[in-house]
Structures are given as structure tokens and as C-alpha cells.
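*Asks:* Task: produce atomic coordinates for the following.
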Amino acid sequence: MTKHEYLAVLAKGLCDLPAGERDRFLDYYREMIEDRIEEGLAEDAAVAAIGEPDAVLREIRREAAPQPEKPAAKRREWRTWEIVLLVLGSPLWLSLLLAAVAILFSLVVAAVSILFSLAVTLWSLVVVVYAVTLSLLVCGLFGLGYSLVLALAGAGGSLALLVLGGGLFCAGGGMLCLLACVAATRGSMYLCRLTLRGLRRLFRKRRGSI
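*Replies:* Next up is the predicted model:
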């Protein structure tokens, strides 16, 4: 079963739900399937990993059922001595609160700085590999062309062979570095996709909050 067929079955089974609620469920399962496809599963295997449509529909029905409202908690009134203690202790707890906020903010800034530094370092290495590859390929082409010029000009067979060998060496190194460029680019893009996927999952609404 393809992704579109699976979602069509779910949409048909949820036709009696409000449009907004039905779309939220469909978007959630669409993202689940796409995540598994990005992880390397075939489309039919990713769909099968979600579960049978009937079981998924039963689970959705259970979650979409209205929950009984909890009785409002009785508001507790502050006593006089509690207010006095709160006011007298405000210099202590306020300073501790400000310190905790400052520590939390510094940790967030440090985490963002580390991630940014790692990303810059990673892509800088990729750029360096591309620069080395380009340099080797240019040197290889120059060596091959110059050896041909020396051979035609009769400047000396040994010098022409030396330049030819250097050109071939640079060209071969450039081809190897080109493979390294492809691998480094794919690895960097894969890490970026993993990071973006993790952020998307972090801010995505969970099924329990739908």
C-alpha cells in the first residue's frame, strides 16, 4: 500500500470528524511515513511500519473521544503569615530566581554557539576539500598540457616525462579528492537533515496534545 492509498483510507474512516481535527491526524501520520522513508525504508515498508489502518483508526477514535472535564481545583487563599514570609524572603528567592534564569539563558546560548561552531567547522572542511580538489585538477591539466607542449617543442624527453608524471599524479589525486568531496557533502547534508528533523520533532505536537 502506498502512502497516498494509506492516507486515503484514514481520511475515509475519519470523514465524520471536524475538518481541522481530521487534517491534524492525517498530517501527523503523513509525517511519520515521510520520516521513515527519509531513514531509508521503502514506501510500502514505511506504511506497513505504521500499522493496519483499522487499528490506527481505532486508536484515533479513542484519542479523539471527548475527555470528561476535571472539576476546577479550589483556589487556596494565602494566609497572613505566608504573605509576610514571602515578602521578607523576597531578596533571597528573587536573587535565586534571577540566578537560575541567567544560568538557563547562558546554557541555551552556549548550546546554540556550539551547534553553530560545529556547523561552520563542518562546512569549512567541506570547502577546504573542494579547494584542494580544484587545485589538484587544475595542476593535473596544466601538467598534461605542458608536457605535451614540451614534447612537441623537443625540449627534452626526460623533462616532458617528469611533467607528465606530475600531471598524472595531480589528476589522480584530484579524482580521489573529488570522491571525498561527494562523500563529505552527502555526510554534511545528512547531519543537517538529522538536526532539522530533531528540531521538527521537538516542536511537533504530540498525539496526546492533538
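
*Asks:* which element follows the helix or strand bottoming out on mean pLDDT in the chain toward the C-terminus?
*Replies:* The helix or strand of the chain with the lowest confidence, counting by mean pLDDT, DSSP states H and E, is helix 80-88 at a mean of 73. Counting by DSSP states H and E, the next helix or strand C-terminal to helix 80-88 is helix 90-153.

*Asks:* rewinding a little: between helix 90-153 and the least confident helix or strand of the chain, find me the angle.
*Replies:* Going by axes from the mean of the first three to the mean of the last three CA atoms, to 10 degrees, helix 80-88 is angled at 50 degrees with respect to helix 90-153.

*Asks:* Residues contacting stretch 3-20, please?
*Replies:* 22, 25-26, 29-30, 33-34, 37, 43, 46-47, 50, 53, 56-57, 60, 64 (CB atoms under 8 Å, 6 or more residues apart in numbering). For the C-beta atoms, the positions are set from N, CA and C on the backbone; glycine is no exception.

*Asks:* Just the buried residues of these.
*Replies:* Buried residues within those, counting neighbours by 16 or more other CB atoms under 10 Å: 22, 25-26, 29-30, 33, 43, 46-47, 50, 53, 56-57, 60.

*Asks:* mind putting those residues in a markdown table, distance to residue 88, pLDDT and secondary structure included?
*Replies:* What follows is those, written out as a markdown table (distance: CB to CB, whole Å; pLDDT from 0 to 100; DSSP: H, G, I helix; E, B strand; the rest coil):
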| residue | distance to residue 88 | pLDDT | secondary structure |
| --- | --- | --- | --- |
| 22 | 55 | 84 | helix |
| 25 | 53 | 85 | helix |
| 26 | 56 | 86 | helix |
| 29 | 55 | 86 | helix |
| 30 | 56 | 86 | helix |
| 33 | 59 | 86 | helix |
| 43 | 66 | 85 | helix |
| 46 | 61 | 83 | helix |
| 47 | 63 | 86 | helix |
| 50 | 58 | 85 | helix |
| 53 | 63 | 85 | helix |
| 56 | 57 | 86 | helix |
| 57 | 59 | 84 | helix |
| 60 | 54 | 82 | helix |
